[in-house]
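A.B. asks: what follows is a protein structure lacking sequence information:
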Ligand code: ADP
């Protein structure tokens with residue numbers, strides 16, 4: 001009899017197995033494993049120095065791992081540089097977005113990939129197409145920006161993150177890495193950004209959300225990887241951990257207890 005409940009294991013868009021990275025004698029990462037699946041959000045949580053940036057740099061092609069394996073859509077590989085990562089559909093949105101504040105939103109949306117029309121010496125930027133597309137792509141993500149001609153510098157930090165996410169989706173990213181997208185934002189703006197992170201997931205992207213905020217992670221995350229001083233201290237699927245447990249792990253429950261005792265003595 002055939003087992004109809006059996007489903008073949010899905011191939012992850014990106015899979016890290018037992019990855020390590022050293023900078024000279026400094027161990028930045030050791031034994032880190034994670035999977036990024038289409039239509040899911042994988043959260044990477046950790047304090048300063050946990051190894052989050054190093055992890056992003058490996059998946060984004062800026063640095064290469066020196067132990068373990070990295071597979072993209074099932075194929076073991078080494079990403080030579082950020083262009084290589086991008087060509088494989090891995091886009092990264094950094095916290096300090098590379099935007100030109102005085103340029104219009106549409107110009108920033110297409111920065112470096114401007115479509116042109118006409119031929120030979122008459123070739124020029126297809127401004128109307130860029131305006132229309134920027135507006136339509138933002139609308140598709142649920143952002144109704146009336147004036148795409150306004151300088152991007154006039155948008156809030158959260159809105160700028162959203163434009164960057166819509167841009168990655170438009171240019172065909174399969175994997176979207178977000179580096180602390182809510183770190184510098186207030187509660188309301190963070191909520192807006194998380195909504196668009198979820199919208200990218202709903203469009204079928206595999207999202208990696210780097211954060212040190214367990215509340216933000218738990219609002220949208222499907223899996224959680226906890227890093228501490230370069231090692232993986234936990235890896236959970238959503239069903240296996242509660243927000244309280246996640247918060248406790250992040251706060252370093254035992255260390256906080258020790259600190260409380262010390263302070264009480266003093
Ligand atoms: P996080 O992003 O979580 O704050 P990082 O990945 O930046 O953590 O850092 C992890 C560890 O690796 C830290 O101990 C840090 O000092 C070290 N590290 C990071 N980048 C370098 C580098 N370029 N050279 C030497 N050590 C580094």
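C.D. replies: The structure has been received and is ready for your questions. Every value quoted in this text rests on a predicted model; they were computed, and no experiment measured them.

A.B. asks: residue 133 is in contact with residue 167, isn't it?
C.D. replies: No: counting by C-beta atoms under 8 Å, residue 133 stays clear of residue 167, with 10.5 Å between them. All C-beta spots, glycine's among them, are computed from the backbone N, C-alpha and C.

A.B. asks: who has more neighbours, these two?
C.D. replies: Set residue 133 next to residue 167 and count neighbours by other C-beta atoms under 10 Å: residue 167 wins out with 23 against 17.

A.B. asks: what segments of the stretch 151-266 of the chain are strands?
C.D. replies: All strands of the stretch 151-266 of the chain, identified by DSSP state E, counting those that start in this stretch, fall at 175-179, 206-211, 223-228, 231-237.

A.B. asks: including distance to the ligand and mean neighbour count, could the ones you listed go into JSON lines?
C.D. replies: Shown next, in JSON lines, are those (distance: least, C-beta to the nearest ligand atom, whole Å; neighbours: other C-beta atoms under 10 Å):
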{"stretch": "strand 175-179", "distance to the ligand": "9", "mean neighbour count": "25"}
{"stretch": "strand 206-211", "distance to the ligand": "8", "mean neighbour count": "25"}
{"stretch": "strand 223-228", "distance to the ligand": "7", "mean neighbour count": "22"}
{"stretch": "strand 231-237", "distance to the ligand": "11", "mean neighbour count": "16"}
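
A.B. asks: so residue 56, which state does it fall into?
C.D. replies: For residue 56, the secondary-structure state derived from DSSP: H, G, I helix; E, B strand; the rest coil is helix.

A.B. asks: what residues are shared contacts of residue 133 and residue 167?
C.D. replies: Residues touching both residue 133 and residue 167 by C-beta atoms under 8 Å, 6 or more residues apart in numbering: residue 109.

A.B. asks: pLDDT below threshold where in the stretch 151-266 of the chain?
C.D. replies: 252-256, 266 (pLDDT under 70).

A.B. asks: repeat that for 90
C.D. replies: By pLDDT under 90, the low-scoring segments of the stretch 151-266 of the chain are 152-172, 180-193, 196, 199, 203, 212, 248-266.

A.B. asks: who in it is up against the ligand?
C.D. replies: Residues of the stretch 151-266 of the chain lying close to the ligand by C-beta under 6 Å from any ligand atom are residue 230.

A.B. asks: from the stretch 151-266 of the chain, which residue is nearest to the ligand?
C.D. replies: Distances between the stretch 151-266 of the chain and the ligand by C-beta to the nearest ligand atom are smallest at residue 230, namely 5.6 Å.

A.B. asks: which residue is the nearest non-sequential neighbour of that residue?
C.D. replies: Among residues not flanking residue 230 along the chain, residue 51 sits closest, at 4.4 Å (C-beta to C-beta, 6 or more residues apart in numbering).

A.B. asks: what ranges does the stretch 151-266 of the chain have for its helices?
C.D. replies: In the stretch 151-266 of the chain, the segments counted as helices under DSSP state H, counting those that start in this stretch are 157-170, 187-202, 214-220, 243-251, 253-265.

A.B. asks: just name the most buried of those helices.
C.D. replies: Sort those by mean neighbour count, taking mean count of other C-beta atoms under 10 Å, and helix 157-170 sits at the top with a mean of 22.

A.B. asks: that one vs strand 175-179, what angle?
C.D. replies: 160 degrees (axes from the mean of the first three to the mean of the last three C-alpha atoms, to 10 degrees).

A.B. asks: so what's residue 202 up against?
C.D. replies: Taking C-beta under 8 Å, 6+ apart, one finds residue 39 in contact with residue 202.

A.B. asks: burial count for residue 108?
C.D. replies: A count of nearby residues for residue 108, using other C-beta under 10 Å, gives 25.

A.B. asks: tell me which element it falls in.
C.D. replies: Using DSSP states H and E, residue 108 sits within helix 105-109.

A.B. asks: is it true that residue 99 lies in a helix?
C.D. replies: No: using three-state DSSP, the assignment for residue 99 is coil, not a helix.

A.B. asks: wait, which of the strands of the stretch 151-266 of the chain is closest to residue 12?
C.D. replies: strand 206-211 (7.8 Å; C-beta to C-beta).
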